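*Asks:* Provided below for reference: sequence and predicted model.
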Amino acid sequence: MKSQTLSDIWEKDSKINKENLEESLFEIPSIHAKYIHLLLVEKREIALAKAKLNKLNIEKFEFYTDGEYQGAPKEWVRPPKGGVNKNQAQPYIDADTQIQEETLKISAISDRIDFLNEVIRQINSRNFIIKNIIELRKLGGETW
């Protein structure tokens, strides 16, 4: 799921029904479950992306250091000087566009996980916020 989509969903779900605070209280468990599910999906996605990156790192290492790597797709291109020394392969791997794409993908997923963790923290404190609103209303302090 895209970060903007998550943000849009949370913008809608974060609203507290000020006319019916009791209803907002009863919505907390289902909203919490929704975001826990989204978090688990993202955690599974990052695990798969990391596994793919690890495999790709090994394949690229073999490609850059071995004379003939059997599994290399035709679009993979060695440096002009050919295979590189195993001790010098890492800069080539780090600069590889496929490695960079996978690394950016993992970074984006990590950002979504951080966002979801923050949303879950806010959901966990939501009942206290609603309780405080109710208390303020009892004291005659309409805050909305």
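*Replies:* Nice, thanks for sending it over.
*Asks:* state the distance from Arg44 to Glu19.
*Replies:* Separation of Arg44 from Glu19 (Cβ to Cβ, to the nearest Å): 38 Å. Where C-beta positions appear, they are placed from N, C-alpha and C, glycine not excepted.
*Asks:* okay, these two: which has more neighbours?
*Replies:* For Arg44 versus Glu19, the count of surrounding residues by other Cβ atoms under 10 Å is larger for Arg44: 11 against 8.
*Asks:* what is the longest helix of this structure by residue count?
*Replies:* Criterion DSSP state H: the longest helix present in the chain is helix 21-65.
*Asks:* list the buried ones in the following helix or strand past that one?
*Replies:* Sequence-wise, the next helix or strand downstream of helix 21-65 (DSSP states H and E) is helix 89-95. Neighbour-count burial for helix 89-95, counted by 16 or more other Cβ atoms under 10 Å, picks out Ala89, Tyr92, Ile93.
*Asks:* try stretch 131-139
*Replies:* For stretch 131-139, by 16+ other Cβ under 10 Å, it's Ile133.
*Asks:* pull the residues that contact stretch 27-41.
*Replies:* Contacts to stretch 27-41, defined as Cβ atoms under 8 Å, 6 or more residues apart in numbering, come from residues 1, 6, 10, 13, 113, 116-117, 119-120, 123-124, 126-127.
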